[in-house]
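A.B. asks: Dropping a prediction and its sequence here:
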Amino acid sequence: MAKLFLGLDASTQSLSAVVIDLDARKVVYEQSVNYDQALPQFKTKHGVLPNRDPLVKHSPPLLWAAALDRLLAQMKKDKVALGKIIAISGCGQQHGSVYLNEKAATTLATLDPKQSLADNLAGIFARKTAPIWMDASTTKECAEIRKKLGGIKFTASRTGSDTFERFTGPQVRKFYKTEPKAYDKTTSIALVSSFLASVLAGKIAPIDFGDGAGTNLMDIRRKNWNHDALKATAPGLVKKLPALADAGWVIGPVSAYFVQKYGFNAAALATVWTGDNPASALGLGLIKPGQAAISLGTSDTFIGTMEKCQTDETGEGHVFGSPTGSYLTLVCFKNGSLAREKIRALYGLKDWSAFGKLLATTPPGNNGGVLLPWFEAEIVPRVNQPKVHRFNLDEKDAAANCRAIFEAQMLAMRLHSQWMQMAPEKIFATGGAASNPQLLQVMADVMNCPVLRIEVANSAALGAALQAAHGWLVATDKSPKWDKLVAGFTAPLPGSEILPDKKAAKVYDHLLEKYASCENDALYVV
Ligand code: XUL
């Protein structure tokens, strides 16, 4: 009988499912529910509730539960063999927090299949909305917690990251300060990932070490809740946080709600979820220390894997637990594809192929021209006032500006990932812009490393499905090996390898210094 595993990805704008057949090493089903389109009654825009304060970004947690009903109903309609699914895992947008009240545990354990999840769960929240990763309203709380923990370096070395506005701890502190009564009524705080795992398992689920590291509350080395961080954040927090566990760890059989309503097998296993970045790393095949991937999406991210925990003293990068048990490093740049699109639009280029071809007419290093594409406030380096800077670069020169933006994005990645002290043998490139060979050549040259394209649609949901399979194998005492598990699911595209050009790589070794001093000038002098 086919061994089927379900992976779910609750991202900002949609909930996606991937079903894998483990023995056939194939993805057998993929589906996605877009929140705004499928569930307009929740009144979200791109999955987020409108707010007068542009720094505040919340979503209704009931929306995610309603999306789960929608997705499973669609799967049943599509005749997916839900009864044959052995285990379910998932991942969620990181950092977002869900505040549950004293009714949550009993309600989760007694879901009524005749009602919808949204109706069942309506009474379990101590706070109706959940702050998500896009929220930037906790600068004050970040400073307060950082100060109590002894500054950037100590905060990062204890919790894996400096305090960041979107991280859960500062969000919890703001909630405690602004709504102390509702905070008191909160019996359990979940992340997006552990909230949906709780719904599936019918009981409060643990938070995994990957997503736990996105809270500023977990000791990154000991992998337990850090009491100093908890104390610096809000009183009584230790009682409100669930246990920590490995991603994929079996919580128990899936809740009877899903057996009766959708035909899941009563023995199907509900497992611990993780964050979307750790799951995506798995879906891209990053399972060994020293591997790296660059994702060129809405935001650009550099993800690396490492055996021993190394944290960023400057506080720009993050260390998360990886589903494989080692560590994952992440540097997130907000000015990714939207910034590239702005340049493309500015010079009236009809598509990315035209952009790439124009870029290729200019020499590596751009004759020393540098652009800092901070169209939006930037995470790395921290830029609060968006501004585009040009050095030695004529704004009228379309070709030079096309090269300059991508060189800057890659130089920023190289510069701000140096703390990881890893020299990857290969970089996997993914995301929309990775289909552009000229851009990948710049990436290979700046990083001085071969680049291979890997295109896994839904890498996070695929990673979650693999995590479900791993959890089941562990629970049945099969001592699974990650490389065997991911084989066949995550190979780079054949013939996609792009080698660095030695001469160009030398040019970038020099340009890196110039780029760093331009950043300094823009941040501290101009
Ligand atoms: C990572 C982060 C985002 C979200 C997106 O730190 O904030 O990548 O996880 O879903």
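C.D. replies: Nice, I can see it. Note that this is a predicted model, so its numbers are computed, not measured. Residues are numbered from 1 along each chain as shown.
A.B. asks: who are the neighbours in contact with the residue nearest to Ala464 when sequence neighbours are not counted?
C.D. replies: With sequence-adjacent residues excluded and distances taken as CB to CB, 6 or more residues apart in numbering, Ala464 is closest to Gly7, at 3.2 Å. All C-beta spots, glycine's among them, are computed from the backbone N, C-alpha and C. Contacts of Gly7 were listed using CB atoms under 8 Å, 6 or more residues apart in numbering, and they are 17-20, 88-91, 279, 461-468.
A.B. asks: try 7 Å
C.D. replies: By CB atoms under 7 Å, 6 or more residues apart in numbering, the residues touching Gly7 are 18, 89-90, 461-465, 467-468.
A.B. asks: Residue ranges in this structure under the pLDDT threshold?
C.D. replies: Per-residue confidence for the chain (pLDDT under 70) gives these ranges: 526.
A.B. asks: So which bits of it are right by the ligand?
C.D. replies: Within the chain, the positions adjacent to the ligand are 11-12, 93-95, 133, 166, 214, 275-277, 332 by CB under 6 Å from any ligand atom.
A.B. asks: Which of those residues fall in helices?
C.D. replies: 276-277 (DSSP state H).
A.B. asks: out of the residues of the chain next to the ligand, who's nearest Ile454?
C.D. replies: Set against Ile454, the nearest of these by CB to CB is Asn277 (15.4 Å).
A.B. asks: Which helix or which strand is home to the closest residue to the closest one other than its chain neighbours?
C.D. replies: Spatial nearest neighbour of Asn277, excluding adjacent residues (CB to CB, 6+ apart): Leu330 at 5.6 Å. Element membership of Leu330, judged by DSSP states H and E, is strand 327-333.
A.B. asks: which outside residues touch that strand?
C.D. replies: Residues contacting strand 327-333 (CB under 7 Å, 6+ apart): 210, 277-278, 281, 299-306, 309, 316-322, 378-380, 409, 412-413, 416-417, 420.
A.B. asks: Can you tell me which of the residues you listed end up in helices?
C.D. replies: Using DSSP H, the subset of these located in helices is 210, 277-278, 281, 409, 412-413, 416.
A.B. asks: ok, of those, which come out buried?
C.D. replies: Neighbour counting with 16 or more other CB atoms under 10 Å marks 210, 277-278, 281, 409, 412-413, 416 as buried within those.
A.B. asks: Would you state the strands of the stretch 151-300 of the chain in chain order?
C.D. replies: Ranges of strands within the stretch 151-300 of the chain are 188-191, 207-208, 244-245, 250-253, 269-271, 274-275, 292-296, 300-306, based on DSSP state E, counting those that start in this stretch.
A.B. asks: Which stretch among those is buried most, on average?
C.D. replies: Most buried of the strands of the stretch 151-300 of the chain by mean neighbour count (mean count of other CB atoms under 10 Å) is strand 274-275; its value is a mean of 35.
A.B. asks: Neighbouring strands - and their directions - for it?
C.D. replies: Here strand 274-275 is paired, per DSSP bridges, with strand 85-92 (parallel).
A.B. asks: After the strand it pairs with, which helix or strand is next?
C.D. replies: Helices and strands here follow DSSP H and E; after strand 85-92, the next one along the chain is strand 97-100.
A.B. asks: List of residues touching that next one?
C.D. replies: Taking contacts as CB under 7 Å, 6+ apart, the residues outside strand 97-100 that touch it are 61, 124-127, 130-131, 168, 171-172, 175, 186-192, 195.
A.B. asks: please redo it, this time with the cut-off set to 8 Å
C.D. replies: Outside strand 97-100, the residues that reach it (CB under 8 Å, 6+ apart) are 61, 124-127, 130-131, 168, 171-172, 175, 182-183, 186-192, 195, 204.
A.B. asks: what about the residue nearest to Ala73 when sequence neighbours are not counted, how many residues close to it?
C.D. replies: Closest residue in space to Ala73, ignoring its immediate chain neighbours: Tyr262 at 7.5 Å, by CB to CB, 6+ apart. Using other CB atoms under 10 Å, Tyr262 has 18 other residues around it.
A.B. asks: what separates Tyr262 from the ligand, distance-wise?
C.D. replies: Between Tyr262 and the ligand the distance is 26 Å, computed by CB to the nearest ligand atom, to the nearest Å.
A.B. asks: Tell me who's in contact with that residue.
C.D. replies: Residues in contact with Tyr262, defined by CB under 8 Å, 6+ apart, are 72-73, 75-76, 82.
A.B. asks: Name the member of these that has the highest neighbour count.
C.D. replies: Leu72 (24 neighbours).
A.B. asks: which one is it nearest to, not counting chain neighbours?
C.D. replies: Computed as CB to CB, 6+ apart, the closest residue to Leu72 that is not its neighbour in sequence is Tyr262, at 4.8 Å.
A.B. asks: go on, Ile303?
C.D. replies: The shortest distance from Ile303 to any non-neighbouring residue, by CB to CB, 6+ apart, is to Ala293 (4.9 Å).
A.B. asks: Same question for Asn436.
C.D. replies: Leaving aside its sequence neighbours, Asn436 sits nearest to Gly356 (CB to CB, 6+ apart; 4.6 Å).
A.B. asks: And the helix or strand hosting the one you found, what does it pack against?
C.D. replies: In the assignment (DSSP H and E), Gly356 maps to helix 352-359. Where contact means 3 or more CB pairs under 8 Å, 6 or more residues apart in numbering; DSSP states H and E, helix 352-359 is packed against helix 337-346, helix 398-416, helix 437-447.
A.B. asks: Adding distance to Leu473, write these out as CSV.
C.D. replies: Formatted as CSV, the helices and strands packed on helix 352-359 follow (distance: least, CB to CB, whole Å):
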stretch, distance to Leu473
helix 337-346, 37
helix 398-416, 35
helix 437-447, 35
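A.B. asks: Ala232 and Glu141 touch, don't they?
C.D. replies: No: under the criterion of CB atoms under 8 Å, Ala232 makes no contact with Glu141, lying 9.8 Å away.
A.B. asks: which one of the two has more residues nearby?
C.D. replies: Higher neighbour count among Ala232 and Glu141: Glu141, with 26 against 23, using other CB under 10 Å.
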